[in-house]
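[1] Here is the input, now give the coordinates:
(chains A and B)
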There are 2 protein chains.
Amino acid sequence: MPETRSFIHAKQAKPPFFVGIDLGGTNIKMGVVDDLGRPLSWVTIPTEVEKGAEDASRRMGEAVHRAIAKAGIEHKAVARAGLGSPGQMDIPAGMLLIPTNLKGWNYFPIRDRVSHHSGLPVSFENDANAAAYGEFWVGSGRDFESMILFTLGTGIGCGIIIGDTVIQGAHSNGGEVGHIVIDFNENAQMCGCGQRGHLEAYASATGIIRRTQEILRAGRPSSLSQRMAAGDELTPKLIAEEAERGDDLSLEIVFETARYMAIGTLDTLCTVHPAAVMLGGAMTFGGAEKELGRRFLARVREEVDRLMPPGLCKTPHIDFASLGGDAGYIGAAGIARLDYLKPALR
Amino acid sequence: MPETRSFIHAKQAKPPFFVGIDLGGTNIKMGVVDDLGRPLSWVTIPTEVEKGAEDASRRMGEAVHRAIAKAGIEHKAVARAGLGSPGQMDIPAGMLLIPTNLKGWNYFPIRDRVSHHSGLPVSFENDANAAAYGEFWVGSGRDFESMILFTLGTGIGCGIIIGDTVIQGAHSNGGEVGHIVIDFNENAQMCGCGQRGHLEAYASATGIIRRTQEILRAGRPSSLSQRMAAGDELTPKLIAEEAERGDDLSLEIVFETARYMAIGTLDTLCTVHPAAVMLGGAMTFGGAEKELGRRFLARVREEVDRLMPPGLCKTPHIDFASLGGDAGYIGAAGIARLDYLKPALR
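    Predicted structure coming up:
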């Protein structure tokens, strides 16, 4: 992910300050952010899942102190920290439950342990929701009153923000749009979760690779076959490269993915109807900076227009997310700020 | 609709009082409700759409005064009124736009006109959202922190409440769950809106009738054929009657409808994940009071359990709505109360 934001100096920053922590399965990224969402510093440490949750909490605490020092501010100028974490989790309890990507960290009270080690009150949130809040607060969603962020990758993540409300859902399970059913038929594609016909089974990296393999196996000619014969692995990146070079099948796969994402978008329009829909993550075919990414986005917009029920009179703003890999920690800091400003509301 | 609530006397009621108005295409029902959501009175007048919006607003104002007198309280004891209306509408502006079921009432500032004629400040809301809020406030959703109400009838209406937030959606278009795509294939059923594969195309009264007709036309034996030969019209009520008498096809249609509603329910779980899902409206196969209705509900619950993505660890509470035809005006009063209690939040 490109780092899309530059740092501002403590002298130009607007207090109070917040620390955001983006806990991932491989790395933990954290940063100090001012009251306007501008980063003053960031620090990355390896997660080292195998060392356990308490060890990681201690190292997160140390790294928070380092990030604060690097920002050139005092610890007491930081009002609060926010921690975005992968699930399963119990948000109100501040607990990890059985987190798929943090093996062995089961039933760990991570919010309070990070608070202990960092010396800060900590707000706890789902990582996808935190990233969505980052985009909503200071990213590509900043001009909209409600927003959904789809994070396209191995799976399809999703966060929904309405006003200043992060939709956490009952049992901390909101925003799992990857698992909406878009094909109810018996022969629909199997999703990684074990059920059929889900958006993720078609539009995630996993889904794209399987769809492409099926078509290649059926004997359709494509430059992908030559690349694979030469030893390249079939990935969305390879498909994007060949689509850029004019391979029909590869381009068709990209456009089909756009159609599936349009259906997912429409389904969110029919439920919460956000004012804006943002597409982020590794699998946006290059995003705004590439011709192919722009064609993908244009096709998502066209398909949403085409498939729109007439009753839903206005198409939302659809665009790429803009914060890249910074969305998570900036959003976590933003959620800490929400809790700081409006404790009665959350 | 049965009237499920009895009135309480003004002496037992807890002030302040609110008036709720449920504006429909045929009738307008309004009532006075106390601070605990208990009705003191109600009044119904014909909508008489053809006389125009200003005439109806004037008659609504008169009827509000009558309902207040009938409740045995003074006009000044009423804090606020709420008006639930069919769309299209602009909720923040208090305007009807091009309301499908109120022909000729286009671009009418109904909120302010009803306020003028009733002498009360008026809160404005979509009718499906108002009904959902009624169930959430004092109906079958009263014990849950978030809830979705599906209203099954000619179409499928929907209202989503999260905490005290009514999900209005951008452009006042939230909660159109009837139009989520559950079958993306080219040959999917056509929805009344002109697009294909929507939940409403399968699980609404219209969808059920068409599905049944298709199967009958294919030659499948059913007691429905005898009923129709005897002059009965094919309706969900007829299908329910024959299902109760043991007709296989009719029962299959009921259970298939349960499966479609389960898919709709799952799709809302993957977006907002409400703690409770309520089924209301005319087409619940008799609801809680009939054996068939209870079997329908049991099947919806089973299908949700069966189709649940493993990541979504808890099935929501699924039940019938309990306020019947009173949900609309009670909910509209509840929304007036929300605005009265927390003007800063809305």
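
[2] Give me the below-cutoff pLDDT ranges for chain A.
    A:1-5, A:173-175, A:311-313, A:343-346 (pLDDT under 70).

[3] can you give me the helices for it?
    Under the criterion DSSP state H, chain A carries helices at the ranges A:53-71, A:110-118, A:127-138, A:199-203, A:205-217, A:223-229, A:236-244, A:248-271, A:291-307, A:327-341.

[4] What's the local residue count around A:D90?
    16 (other Cβ atoms under 10 Å in any protein chain shown). Bear in mind the C-beta positions are built from the backbone N, C-alpha and C, glycine included.

[5] near chain B, which residues of the stretch 151-300 of chain A?
    A:158, A:160, A:162-163, A:165, A:167, A:169-171, A:173-185, A:191, A:193-195, A:198, A:260, A:263, A:266-275 (Cβ under 8 Å from any Cβ of the partner chain).

[6] Just the buried ones from the residues you listed, in ChimeraX syntax?
    Selection command for ChimeraX covering only the buried members of these, criterion 16 or more other Cβ atoms under 10 Å in any protein chain shown:
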select /A:158,160,162,165,167,169,170,171,173,174,175,176,177,178,179,180,181,182,183,184,191,193,195,198,260,263,266,267,268,269,270,271,272,273,274,275
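
[7] how close does the residue nearest to A:G287 when sequence neighbours are not counted get to chain B?
    With Cβ to Cβ, 6 or more residues apart in numbering or on different chains as the criterion, A:G287 has its nearest non-adjacent residue at 4.4 Å, and that residue is A:G293. Distance from A:G293 to chain B, counting by Cβ to the nearest Cβ, to the nearest Å: 23 Å.

[8] tell me the contacts of the residue of the stretch 101-250 of chain A found nearest chain B?
    For the stretch 101-250 of chain A and chain B, the shortest gap (Cβ to the nearest Cβ) falls at A:G169, measuring 2.8 Å. Residues near A:G169 by Cβ atoms under 8 Å, 6 or more residues apart in numbering or on different chains: A:G175, A:E176, B:S146, B:L269, B:V272, B:H273, B:P274.

[9] Max pairwise distance over those residues: which two?
    For the contacts of A:G169, the maximum inter-member distance is 15.0 Å, found between A:E176 and B:S146 (Cβ to Cβ).

[10] Turn the contacts of A:G169 into JSON lines, columns for distance to A:H317.
    Shown next, in JSON lines, are the contacts of A:G169 (distance: Cβ to Cβ, whole Å):
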{"residue": "A:G175", "distance to A:H317": "19"}
{"residue": "A:E176", "distance to A:H317": "23"}
{"residue": "B:S146", "distance to A:H317": "26"}
{"residue": "B:L269", "distance to A:H317": "26"}
{"residue": "B:V272", "distance to A:H317": "20"}
{"residue": "B:H273", "distance to A:H317": "25"}
{"residue": "B:P274", "distance to A:H317": "26"}
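
[11] For the stretch 1-150 of chain A, which residues are neighbours of chain B?
    For the stretch 1-150 of chain A, the residues in contact with chain B (Cβ under 8 Å from any Cβ) are A:G87, A:Q88, A:L97, A:F144, A:E145, A:S146.

[12] Beta-bridge partners for the closest residue to A:A128 other than its chain neighbours, please?
    Closest residue to A:A128 apart from its sequence neighbours, by Cβ to Cβ, 6+ apart: A:G157 at 4.0 Å. In this structure, A:G157 bridges to A:T151 when assessed by DSSP bridges.

[13] How much space separates A:G157 from A:D127?
    Distance of A:G157 to A:D127, given as Cβ to Cβ, to the nearest Å: 8 Å.

[14] Overlap of the contact sets of the two?
    Overlap of the contact sets of A:G157 and A:D127 (by Cβ under 8 Å, 6+ apart) is empty.

[15] any idea how far the residue in chain A sticking out farthest from the centre is from A:L249?
    Most distant residue from the mean C-alpha position of chain A: A:G219, 35.7 Å away (Cα atoms, centre = their mean). To A:L249, A:G219 is 11 Å away according to Cβ to Cβ.

[16] and A:E48, what is it in contact with?
    So A:E48 contacts A:D55, A:A56, A:R59 (Cβ under 8 Å, 6+ apart).

[17] can you tell me which of these lies nearest to B:A229?
    Nearest to B:A229, judged by Cβ to Cβ, of these is A:A56 at 72.7 Å.

[18] which ones are touching that closest one?
    A:A56 sits in contact with A:L23, A:I28, A:T47, A:E48, A:V49, A:W105, where contact means Cβ under 8 Å, 6+ apart.

[19] next one: A:N106
    So A:N106 contacts A:L96, A:L97, A:I98, A:P99 (Cβ under 8 Å, 6+ apart).

[20] Nearest to chain B among those?
    A:L97 (7.7 Å).

[21] and the closest one, what does it touch?
    Applying Cβ under 8 Å, 6+ apart to A:L97 gives the contacts A:G87, A:Q88, A:M89, A:D90, A:N106, A:Y107, B:C313.

[22] now do A:R245
    A:S223 are the contacts of A:R245 under Cβ under 8 Å, 6+ apart.

[23] any idea how far A:G231 is from it?
    On the measure of Cβ to Cβ, A:R245 and A:G231 end up 18 Å apart.

[24] And for A:P221?
    A:P221 sits 19 Å away from A:G231, taking Cβ to Cβ as the criterion.

[25] Now the nearest residue to A:S140 once chain neighbours are set aside, what are its backbone angles?
    The shortest distance from A:S140 to any non-neighbouring residue, by Cβ to Cβ, 6+ apart, is to A:S322 (4.0 Å). Backbone torsions for A:S322, taken as degrees, to the nearest 10, come to phi -120, psi -10.

[26] Distance of A:S322 relative to A:L40?
    A:S322 is 19 Å from A:L40, by Cβ to Cβ.

[27] go on, A:V78?
    On the measure of Cβ to Cβ, A:V78 and A:L40 end up 10 Å apart.

[28] Pull up the overlap in contacts between these two.
    Contacts common to A:V78 and A:L40, judged by Cβ under 8 Å, 6+ apart, are A:F17, A:V32.

[29] re earlier: which members of the residues of the stretch 1-150 of chain A next to chain B are classed as buried?
    A:G87, A:Q88, A:L97, A:F144, A:S146.

[30] Pick the one among those closest to A:A240.
    For these, the closest approach to A:A240 (Cβ to Cβ) belongs to A:F144, at 28.2 Å.

[31] Report the buried residues of stretch A:51-58.
    Applying 16+ other Cβ under 10 Å to stretch A:51-58 flags A:A53, A:A56, A:S57, A:R58 as buried.

[32] biggest separation within those residues, which pair?
    Greatest spacing in these, by Cβ to Cβ: A:A53 and A:R58 (9.8 Å).

[33] before we move on, back to that, how many neighbours does the residue nearest to A:S140 have?
    Count around A:S322 with other Cβ under 10 Å applied: 20.

[34] can you tell me how far it sits from A:A13?
    Applying Cβ to Cβ, the value for A:S322 to A:A13 is 21 Å.

[35] one step back: wait, which of the contacts of A:G169 is closest to A:G134?
    Among the contacts of A:G169, A:G175 lies closest to A:G134 (Cβ to Cβ), at 14.3 Å.

[36] on that earlier part again, settle it for me: which of A:V78 and A:L40 has more neighbours?
    Each of A:V78 and A:L40 has its neighbours counted (other Cβ under 10 Å); A:V78 has more, 25 against 21.

[37] which residues does the more buried one form a beta bridge with?
    Using DSSP bridges, the beta-bridge partners of A:V78 come out as A:F17.

[38] That one is in contact with A:P15, isn't it?
    No - contact criterion Cβ atoms under 8 Å: A:V78 and A:P15 do not qualify, at 9.2 Å.
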